[in-house]
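Peer 1: just need the structure, nothing else, for what follows:
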Amino acid sequence: MKKVVSMQKRILGYLLMVIGLGGMILAGYIFATGTGGRGHLIEITTFTIIGAACFFAGINYIYEASREFTIDHMQITPELEEVSPIQQQWRTIQIAKRPVKKVREHITAKAG
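Peer 2: The predicted model follows:
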């Protein structure tokens, strides 16, 4: 099921990227062949903004689909699993240590 979702995101990403690229190319063509009036510039700006938004959303979907976390790709680092007996003993001592003075008594002694 995970592969299907990833593939759908990738296909949607490519589709959005092509639509965005097409919108920006259309805006460039209209800019090159247009009259330069106010309505013309608003049309170009609209096509450019929508095209850029679709293009970058498509790239983001493609990137997310390729970088999804799966158990198959997880690499276990050996240095985190290999703990020497000395390290285990040190951790046990540090966990078992009790503070010399209780913090509450120390604060009330200074306040009073």
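
Peer 1: now do the SS call for residue 32.
Peer 2: Assigned with DSSP: H, G, I helix; E, B strand; the rest coil, residue 32 falls in the helix class.

Peer 1: from residue 46, how far out is the nearest residue to residue 64 once chain neighbours are set aside?
Peer 2: Using C-beta to C-beta, 6 or more residues apart in numbering and skipping residues adjacent in sequence, the residue nearest residue 64 is residue 9, 6.3 Å away. No exception for glycine: its C-beta is placed from N, CA and C like everyone else's. Look at residue 9 and residue 46: by C-beta to C-beta, to the nearest Å, they are 27 Å apart.

Peer 1: likewise for residue 23?
Peer 2: Distance, residue 23 to residue 46, using C-beta to C-beta: 9 Å.

Peer 1: need phi/psi at residue 35.
Peer 2: Backbone geometry at residue 35, expressed as degrees, to the nearest 10, gives phi -90, psi -30.

Peer 1: what confidence value was assigned to residue 112?
Peer 2: On pLDDT, residue 112 comes in at 50.

Peer 1: buried set for stretch 17-29?
Peer 2: Neighbour counts over stretch 17-29 (16 or more other C-beta atoms under 10 Å) mark 17, 19-20, 23-24, 27 as buried.

Peer 1: is it true that residue 51 touches residue 23?
Peer 2: Yes: at 2.7 Å, residue 51 counts as touching residue 23 under the criterion of C-beta atoms under 8 Å.

Peer 1: show me how this structure divides into domains.
Peer 2: Per the record, the chain has its domains at 2-73, 81-111, by automatic domain parsing.

Peer 1: those domains: lowest mean pLDDT?
Peer 2: Of all these, domain 81-111 has the smallest average pLDDT, which comes to a mean of 64.

Peer 1: so which residues of this structure form helices?
Peer 2: Using DSSP state H, the helices of the chain run over residues 2-33, 38-66, 78-81, 85-96, 103-111.

Peer 1: burial measure for the closest residue to residue 19 other than its chain neighbours, as a count.
Peer 2: Among residues not flanking residue 19 along the chain, residue 54 sits closest, at 4.8 Å (C-beta to C-beta, 6+ apart). Look at residue 54: counted by other C-beta atoms under 10 Å, it has 20 neighbours.
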